[in-house]
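Chemist: 3D model of this:
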Amino acid sequence: MSQPSDWTQIVDVLNGYASALDARSWDGLDEVFADDVFMDFGVWQASSRDEAVEKIRSFLGGCGPSQHLLGNYEIHIDGDRATARVYVRAFHIGRGDRKHLTYEMGGEYQDELVRTSDGWRITRRLGLPHWVQGDASILGPGKD
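Modeler: Residues are numbered from 1 along each chain as shown. Sure, this is the predicted structure:
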């Protein structure tokens, strides 16, 4: 039986991020981010996995369902380090009395990854929106 290639393993890590967010499976992000990940999404930054998860939860906690779709993977591997660029289209639906509102973003994630004893992990993520539409106020704190 063949082992998955580094490229496939990295795609699995990138997809794991989207799946964890949409399922609100915050523990799943342990398999995506290094402990000391640095993230910059413009409106927020984080310097550790715990801080990143807290920020992500604060944005998705107030909205209803979401769907993060990824595509056009560009991955470059150099030994135990890699860079990746992937397009994202993220759709969010409001919750409660705001369930008629939506917010959508199209953009990209630019990542740096490192191979660890537990597999590939993102050490740095830059989130770049290319366009947005809808009501971003549905994102924010809430009970998840």
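Chemist: drop to CA atoms for contacts and neighbour counts, all remaining ones
Modeler: Will do.
Chemist: so what does the longest helix belonging to the chain touch, helix or strand wise?
Modeler: Longest helix in the chain by number of residues (criterion: DSSP state H): helix 6-23. For helix 6-23, the packing partners by 3 or more Cα pairs under 8 Å, 6 or more residues apart in numbering; DSSP states H and E come out as strand 66-78, strand 119-134.
Chemist: which of the residues in the longest one are buried?
Modeler: When you say that, I think you mean strand 119-134. By neighbour count with 16 or more other Cα atoms under 10 Å, strand 119-134 contains the buried residues 120-129.
Chemist: before we move on, the earlier item: and the angle for the longest helix of the chain with strand 119-134?
Modeler: For helix 6-23 against strand 119-134, the angle by axes from the mean of the first three to the mean of the last three Cα atoms, to 10 degrees is 50 degrees.
Chemist: Tabulate the CA atom coordinates of helix 6-23 in PDB.
Modeler: The C-alpha coordinates for helix 6-23 follow below in PDB (Å, rounded to 0.1, in the frame of the first residue of the first chain):
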ATOM      1  CA  ASP A   6       3.600  15.200   0.900                       C
ATOM      2  CA  TRP A   7       1.400  17.200  -1.600                       C
ATOM      3  CA  THR A   8      -1.700  15.200  -0.700                       C
ATOM      4  CA  GLN A   9      -0.900  15.400   3.000                       C
ATOM      5  CA  ILE A  10      -0.700  19.200   2.800                       C
ATOM      6  CA  VAL A  11      -4.000  19.400   0.900                       C
ATOM      7  CA  ASP A  12      -5.500  17.300   3.700                       C
ATOM      8  CA  VAL A  13      -4.300  19.800   6.200                       C
ATOM      9  CA  LEU A  14      -5.700  22.800   4.200                       C
ATOM     10  CA  ASN A  15      -9.000  21.000   3.800                       C
ATOM     11  CA  GLY A  16      -9.000  20.100   7.500                       C
ATOM     12  CA  TYR A  17      -9.100  23.800   8.300                       C
ATOM     13  CA  ALA A  18     -12.200  24.300   6.200                       C
ATOM     14  CA  SER A  19     -13.900  21.200   7.500                       C
ATOM     15  CA  ALA A  20     -13.200  22.000  11.200                       C
ATOM     16  CA  LEU A  21     -14.600  25.500  10.800                       C
ATOM     17  CA  ASP A  22     -17.800  24.400   9.100                       C
ATOM     18  CA  ALA A  23     -18.300  21.600  11.700                       C
END
